[in-house]
Every structure is written in C-alpha cells, then in structure tokens.
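1. Just need the structure, nothing else, for what follows:
(2 chains)
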Amino acid sequence: MAIGKAVRRVDAIAKVTGRARYTDDYFRPGMLVAKYLRSTIAHGRVKKIDTRRAQRLPGVEAVFTYEDVPPIKFATAGHPYALDPAHQDVQDRLLLTRHVRYWGDEIAVVVAENDLIVQEALELIDVAYEEYSPLVTPEAALAAGAFEIHAGSNNVVGESCYAVGGNIEEALAQADVVLEGRYRTQICQHCHIENHIALAYMDDLEHIVVVSSTQIPHIVRRIVGQALGLPCGRIRVVKPYIGGGFGNKQDVILEPMVAFLTLQLGGRPVKMHLSREEGMIGTRVRHPFTTQMRAGVMQNGTLVALDIDALSNSGAYASHGHAVAGAAGARSRALYPRTAINYHAKTVYTNIPAAGAMRAYGAPQMMFAVDCMIEEAARRIGMDPVEFRLKNVARQGDVDPLTGEGFESCGLAECLQRGKALIQWDAKRAARPRKQTGPVRRGLGVACFSYATGTYPVCLEISGARIILNPDGSVHIQVGATEIGQGSDTIVAQMVAETAGIPLANVHVVSTQDTDVTPFDTGAYASRQAYVTSNAVFRAATALKAKILEHAGRMSGILPAELEITDGRIVRRDDRARKNMPLAAVALDAYYDKQRGGQLTVEVSHKTCSNAPAFGCTFVEIEVDVPLCRVQIKEIYNIHDSGIILNPLLAQGQVQGGVAMGIGAGLYEEMLIDPESGYIYNNNLLDYKVPTIMDVPDIGCAFVETFEPTSGYGNKSLGEPPIIAPPPAIRNALWDATGVKIDELPMTAHTLYKHFMKAGLL
Amino acid sequence: MKRTITCTINGKRKELTVDVRQSLLEVLREQAGLISVKQGCAVGECGACTVLIDNVPIDSCLYLAVWADGRSIRTVEGESRDGKLSRVQQAFVEAGAVQCGICTPGFVMAATAFVEKHRGRKVTRPDIRPGLAGNLCRCTGYDSIITAVQKSLDEGDEP
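-> Below you'll find the model as predicted:
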C-alpha cells in the first residue's frame, strides 16, 4: 500500500545531485541565442525602426521586427481550446508588435552567436516612437473617450455576473446590519527561480521541436501551430524538469517565437532565456483587483447577502483574460453556499504588464475581499470571528447554488475547530486585555477559503496514462500530467503501486512530456492533476493488473480471478503462501514466449466530469510593533480539507510553500508602477520582496481528511489553495491587535504607516 | 581576451581557458559541464548558482572565472561519492526539502558550508536561518530546508 505514505520524491535524488536536466541544460552544438528588443515607453507606436547597424555586427545572424512576423493574432492562455468561438481566448497577440502596450513590449528580436553579441546588437537598433498617454489604472482605461489599447475593445476584456439565493436587494433590505467595503489587492509576480526559457530546432524540413519550461506542453503545441499558421502535427513540444511555474508557465510566452526563429534560420537551434528583469515584466503577473462589496447580516450571525463587484486589471494583453475574475467569483459561493450572492466582475486592459494565471487563479484577490467583509460582519454584531464563520461556511451536503452540484466532501467546520485548538484561540483571547495600548501589540486572525479541483464544467478535463510492463517485472508509466515541483510524478507512482500491487521501487515514471509520444493531458494548472489524473491512472493500473493476471493464469492454469498481485508477486487469493510467482517471470514470459507472448500495456484517456471543492483556513498570531510599522508572525497554521492526503510529506511541502507565498503577498510583495509613465520600478529580486528565509516563520499545517468519492483515491486540490487565506488572516490579526482595519495589500511598513497615522496611532 | 587558469574542481585539478568577461557560473556550466550550477537572476539575488570557493559559499554568477585561478571549487556534483549521497543531500531528500529543484543545488552547497562550520555545535532553527539567507526558494517556504540542515547536524559524526 503506497497511498497515504510519506514516500520520498521519485526525483529527489536527481535534484540533490544536480543531475536533473532543465531546459537550460539541453546544450546543442551551434546553438544561437535570441533576445527581444523591448520598448522603452509604456504606450505608443513605433514610427521608425532602423536595424541596419545591428545586422552588420559580426556574430549577428538575424534581426526581425514587427514587419517580419506572420500577421496572425493568437491567444496565449493555457486553457483547453474551446470549439465555440464565443468561449475562445482573446486573440490579441502578434509575435512582435508595432503598437507598444506596456513598458517592455516586444518590438524586435535579435539572433546571434552568444549573449554578449546579442546585447551589443540590441543597443545598435534605433527606434523612434509616437507616444500615447499611458493608461495605467482601470479608471483611466475606462474613462470616456480613452484611447483603445486594443482596437474595438473599449478597453474591456470581459464582463460577467451571476446571482444566487434570491434577489440581492431584498436580502439586504431584510438584514439587521448592512456593511460596505472596498478592497484592493496588488500586482504580484510568480518569481519562480527558473526564468522562462525555450529552445527550438528542426531535424528535418517539416517538424519543429520546441523544448520549453512549461506547465502545459500539449497546449503549447496547439498555440505554436496557431501562431505560425502550421498544423500542430508539425510541432513537437518537449517538457523537461521545470524550475517552478506557479501559473506563469500556464501561458505561452517564448515558444512561438523560438519556433518562428528556427523556421527562419534553416532549422538551426535557437534559445531564448529571459533575464529576471525581463521575466518580471514580459511574462505574466497576478491581476490586481479592486472589489466593492456589500454584506447583509442578521444579529444572530446569519450571513444573508453578499453583493460583490470586482474590477480586474489584465494589463496590456488578455492572456487568461476575464477567466480569472470569473473563477474568482465562483469561490465565494462555494464558501458561503447558503447566502444570497450577487457577483459582477469586469476585466480591463491597461498599459501595465499582462496578467495571467497565478497560483489560486483569482481566489486570493476575491477571498481577501470576502474575508475582510466577513470579519467586519462578525465584529459588528459582536460575534466571535470563528463562530461567525462556523455558522455560515459550507458544510457536507451543501449544493453549489449555481451549478446544483452537491459537495460530496466538506470538512471546513472541522478545519476551523482544529485551527482554533492549534493556536489556542479562546485561551489567548481570554488572557489578553480588551484594548492594548503599548507600542508592541499582539493579534489573532482567522480566514477561510474554498477552491476548485480542476476547471470542470467550464473547461474540458482530459487526462491520459500509459503503462507498460517491462521484461524485468517493473513498469513504466507515462502521463500527460506535468511535474512542476509539486510532486505529481511521485503521486502517480504511488497510485500505480497501490492499485497494481507493484512495489514503488519498480514503478518508473517518465517525467519528461513529449507531445509526440505522451498521452494527451492539458497540464498542470487549476490544482487539478492528482484529481483528474487519478481516474486515468486508476483505470490504467487496474487494466494492466487484469492483463498480468490473465497472462499468469495462462501460464499456471489457474483462473485469473483466483490470483492477486501482492508486493510484486503473483499469489493465490485463497492461499497467499502456496502459489507464489515473481512478476518478473510473468513479464519475461509475456515478452518472449513464442505461443503466449504479447506485450502487456495499457493506455487510458479519461474525461473527468466532476469538480470537488477543497476547503481550509489560516490561523495566525502576530506581534505588531506600532512605531516601527512592523508585523512579525509568531504562529501560523494552515488547515486543509483536501480529501485524502496521498503523501503527507509532499502535502506539507505544498502547504508550507503556499503559506510562505501568501505571507509574501500579505506583507511584502508588490510590483510598483509609475502611474504617469507606466515605468516599472522593481522588476528584480532585490526590490521586489520575495520572502527570504528570514521573513518566513515556522509554518504549521494540519489536514482534516475527508473522502472525495469522485476522485480515484479520495483526494482533492492542494497545490494552489494554501496561498489564499494567509493575507486576510494577517489583516484580521492586525485589526485585532491595533484596531486598525487595512483593506489593501500588501501590508508593508509603508501601508501601515499611512493607516496608523490616519488612525492616530502615530 | 582569453586567459588560462588552473583550479581544483570537485577535487580534480583542471586547466581552463576562459574569456576574461565570463562568470564562473558560465564556465562551470559550459566548459566543465556542471549543470547543477543554476542561473536564476545572474546578479547575486537568488543564490541558485551558489558554489563553494575554498569552502566559502559564493554566488558564481558574480564571480569572474579568472578569479578562480589557484582556488578550490565545490559543486553539488562532487558531494555524492561512490553512489552515496552526502549527509546534507540525504537530509534534503528525507526532509522533503526538494520541490522543483532549481534552487536545490545552491541550497545544498550553502547548507554544506553551514554544516561543516557548525559541526559539533548546538544550533537552533533561528541560528540556521541567517546561514542560508542568501538563497531564495519559492516552493518550500524554507521550513523543510531548515529541518534538513538540522538533520544534517544531528545525525552521526561522519557521512
């Protein structure tokens, strides 16, 4: 039995010995390097570009500008393709652009022998711009008569709404208390340590091979084809180990360009490796939201109404577009399914870096707003914040009021109880004076969340698995699901071992995806893989086991139904000691016996038609130094209902990493953009404050294990959710400690100073 | 301009002809084939390229290759011997301190220097943090990395 065990990662040794190969480790002789010429203004049009001096520089192979690329607009989001044109992603990109839409937009590309020559050549290109006024904020972009960043868009990427639980105005009218709030979340960047990198070459005249650090190789293949106007069968995408993605590699960034370049350069290998400074502006960021909200609450603690209006800033290009704000809205109704909710959201274009997918896909923005409002509601009616949440959050048996899908598993209330006990909520609150006055004050905070597992029913959910029995009795399993650090390869190995009865050491996972041979799966996103892959792997492992037993039956003359595989041996069900044949003997026979021989292999493509909401909460205790405007986390716990925990060690890693990222978003991280010029101040890891080891405290985590029946192994999403609740929990603790309510992120010393001054604390 | 340098890499003497503009990171990867040395920022912010130079952790992206003349360089490739992981590597595996793995070689080297320096001393979790503050990890939240360093210090005397 392998499920539920803290088995070590299948790739851990490759990684600690430095032998794991990432895209940058795929050296090829004669590899050329390419680099973009990026705009030095945020909004405008290139009047004139002169590349002659760059082209003459020795070592430069080619220079291409917006005039040289295919006139094909394409969409970059890593979503499954939609057959319905109304649901397709917005096609607003060209490989290079003449219309500059953010500071750093891509107007030309240089290919040369090495990085130094490329850099020198870029400096030899002369560009003259016609400058437009940059529209940095949604308000500026939506102002009457504003310049259209994309012609015909009115600067709106998308807009949507839903209403559940009855008429919102009536619900608000009935409420004992009506509250209003306005919440702002900032621009965050993923800051995976491996920057975006891709290379391409051709082995013949027809096929383009792209090696890329991507979460979504099969989607990349389609989009490269679309961007270049080539059938996808001519594109092969290889995904080696990747150095983190967090959603930023659920987008197509460099792959169409390197494919275009190798096609132009006779199939020679061309690599693009973004610098950190480029990567932070030229890939994707998290959509900043401004959310206006009203809540209706009864004196007895019932939350009767939430009226939510979100404005999401997509920046210069649509990328994932309005899908993020749409998904964000769904989270609130899964968390408070018995409350009347009216949700409206709009996503706009502005002249800032393009936003896309980032861990938890809109949920951190929306849950921050919702949880701030919930905290205020509890305080206003004088109820304990945990009790108020317990009264209103989703329970087992609740139904998503919009889709009608029931929640088969929900342990949120137990999560809240567990967290309360871990942090000693009641005892600490009782021991503290009602109003603290000194310079250093303590506060307790809680926040909770819901998240989805996959994208059904919005998108198609297909997973693929292929298992081959090797002549030595071990198996190779190949899945379309991509390992991006979260541990999916290990989980897949555990699933096979569990179901087929093969020892974990004999389950080899093919980590690399290669679209020429890997079964189809759309990739790592939406915290979906362990869930949607579970059914494909379960079916494949079950079918392989049946084939093995059938073959063993033919070898031994015993009915397959009387046989079982245990720990890599074929045994009789009724007498496990008596008939005992190693799997290797069956495997060798299946390969080489002249009569019975035939390779034992299974391939399954599984379509998942369900979605299981995962739940959880954060409890935090902080110390606030009021004069220094500094927050120090004393204790923090994340408690998750993610169904059955497949591997406690990996699960803990997901939670701790997510909480650390949540702490970063709560206290430190923000991409700073000049509101006048669109200039970006801190696109590097020194000025953009990713938490260091000094900033992150010890992180506690706990699991309330429920069993999710729609999953092959009872599990639900866990990779993305841990990031969601820490920022609002810290904000609520800060309010608890100081009496100051901060409705914007991040809560840096700068932000605290502003609010403490306003509140008269300083 | 090229220059020839002599240095020890993972215990072996090497003679390398390098462009004077090249960083040690570039030379280790491209000439010595040591792909464990990762580039995350190229300006000394992230620590992914950490190697030990005369047993001191250094960002090899900020260190010119010519400066390595006459010095001894250690990378993660040299830490496991005879198919056996070093104590620090083993502790990283067991503590779950590895996720995407791109920061791992740098962290293992920084941790190795820390462990060698503090061997036999009583070290707490807060003591470990400053010792690894030059390395960024975006996956783990550092908790398991600190645990790995604790394990490396606790268990036995010699690997």
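2. Surely residue A:12 and residue B:92 touch.
-> Yes. Under the criterion of CB atoms under 8 Å, residue A:12 makes contact with residue B:92 at 7.5 Å. All C-beta spots, glycine's among them, are computed from the backbone N, C-alpha and C.
3. Return the distance of the helix or strand hosting residue A:445 from the chain's centre.
-> In the assignment (DSSP states H and E), residue A:445 maps to strand A:440-451. Chain-centre distance of strand A:440-451: 23 Å, with CA atoms, centre = their mean, to the nearest Å.
4. Pull out the buried positions in that strand.
-> A:441, A:442, A:443, A:444, A:445, A:446, A:447, A:448, A:449, A:450, A:451 (16 or more other CB atoms under 10 Å in any protein chain shown).
5. Would you confirm that the third one contacts residue A:631?
-> No. With contact taken as CB under 8 Å, residue A:443 and residue A:631 are classed as non-touching, separated by 9.0 Å.
6. who touches both of those two?
-> Both residue A:443 and residue A:631 are contacted by A:622, A:624, A:734, under the criterion CB atoms under 8 Å, 6 or more residues apart in numbering or on different chains.
7. quick one: contacts for the first one?
-> Contacts here follow CB under 8 Å, 6+ apart; on that basis residue A:622 touches A:442, A:443, A:445, A:631, A:632, A:633, A:634, A:730, A:733, A:734, A:737.
8. Out of these, name the ones that lie in helices.
-> Cross-referencing those against helices under DSSP state H gives A:730, A:733, A:734, A:737.
9. Would you point out the most distant pair within the residues you listed?
-> Spatial extent of those (CB to CB) is set by the pair A:730 and A:737 at 10.3 Å.
10. more crowded one of those two?
-> Using other CB atoms under 10 Å in any protein chain shown, the more surrounded residue of residue A:730 and residue A:737 is residue A:730, with 28 against 22.
11. Quick one: neighbours of the closest residue to the more buried one other than its chain neighbours, just the number.
-> Once flanking residues are discounted, residue A:730 sits nearest to residue A:666: 4.5 Å by CB to CB, 6 or more residues apart in numbering or on different chains. Counted by other CB under 10 Å, the residues lying close to residue A:666 total 29.
12. so what's the residue in chain A that chain B sits nearest to up against?
-> In chain A, the residue that lies nearest chain B is residue A:18 (2.2 Å; CB to the nearest CB). Counting by CB under 8 Å, 6+ apart, residue A:18 touches B:34, B:35, B:36, B:37, B:75, B:76, B:77, B:104, B:105.
13. sorry, back to before: save the contacts of residue A:622 as JSON lines, and put in pLDDT too.
-> Output for these, formatted as JSON lines (pLDDT from 0 to 100):
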{"residue": "A:442", "pLDDT": "97"}
{"residue": "A:443", "pLDDT": "97"}
{"residue": "A:445", "pLDDT": "98"}
{"residue": "A:631", "pLDDT": "98"}
{"residue": "A:632", "pLDDT": "98"}
{"residue": "A:633", "pLDDT": "98"}
{"residue": "A:634", "pLDDT": "98"}
{"residue": "A:730", "pLDDT": "98"}
{"residue": "A:733", "pLDDT": "98"}
{"residue": "A:734", "pLDDT": "98"}
{"residue": "A:737", "pLDDT": "97"}
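14. from the contacts of residue A:18, which are also near chain A?
-> Among those, the residues within reach of chain A (CB under 8 Å from any CB of the partner chain) are B:34, B:35, B:36, B:37, B:75, B:76, B:77, B:104, B:105.
15. Please name the residues that touch the fourth one.
-> If a contact means CB under 8 Å, 6+ apart, then residue B:37 has A:18, B:25, B:28, B:29, B:49, B:51, B:60, B:75, B:105 as its contacts.
16. likewise the second one?
-> Applying CB under 8 Å, 6+ apart to residue B:35 gives the contacts A:18, A:19, A:21, A:24, A:25, B:29.
17. on that earlier part again, run me through the strand neighbours of the strand holding residue A:445, direction for each.
-> Partners of strand A:440-451 in the sheet, by DSSP bridges, are strand A:614-625 (antiparallel).
18. what does the average pLDDT come to for the partner strand?
-> Averaging pLDDT along strand A:614-625 yields 98.
19. just stretch A:289-309 next, same as before
-> For stretch A:289-309, mean pLDDT is 98.
20. Now do residue A:36 against residue A:393, distance only.
-> 47 Å (CB to CB, to the nearest Å).
21. what does residue A:656 give?
-> With CB to CB as the criterion, residue A:656 and residue A:393 are 24 Å apart.
22. Any stretches of chain B with poor pLDDT?
-> Scanning chain B for pLDDT under 70 picks out B:155-159.
23. Got the domain ranges for it?
-> Listed by automatic domain parsing, the domain ranges of chain B are B:2-78, B:87-154.
24. Out of those domains, which is closest to residue A:612?
-> The nearest among these, by CB to CB, is domain B:87-154 at 23.8 Å.
25. Sticking with the residue most central in space within chain B, tell me its helix or strand.
-> Centroid-nearest residue in chain B, with CA atoms, centre = their mean: residue B:109, separated by 2.5 Å. Here residue B:109 sits within helix B:104-118, counting by DSSP H and E.
26. quick one: buried residues of that helix?
-> Within helix B:104-118, the residues scored as buried using 16+ other CB under 10 Å are B:104-115, B:118.
27. What sits closest to residue 64 if chain neighbours are left out?
-> I'll assume chain A. Closest to residue A:64 by CB to CB, 6+ apart is residue A:109, at 5.2 Å.
28. I was after chain B.
-> Distances taken as CB to CB, 6+ apart place residue B:23 nearest to residue B:64, at 6.3 Å, with adjacent residues excluded.
29. got the contact list for the one you found?
-> Shown in contact with residue B:23 (CB under 8 Å, 6+ apart): B:42, B:60, B:61, B:62, B:63, B:64, B:65.
30. swap in residue A:504?
-> A:2, A:7, A:493, A:494, A:497.
31. For residue A:561, see how far away the nearest residue to the last one once chain neighbours are set aside is.
-> In this case it means residue A:497. Distances taken as CB to CB, 6+ apart place residue A:2 nearest to residue A:497, at 3.9 Å, with adjacent residues excluded. In this view, residue A:2 and residue A:561 are 24 Å apart by CB to CB.
32. Tell me the pLDDT of the closest residue to residue A:664 other than its chain neighbours.
-> Spatially, and ignoring its direct neighbours in sequence, residue A:664 is nearest to residue A:691 (4.4 Å; CB to CB, 6+ apart). On pLDDT, residue A:691 comes in at 98.
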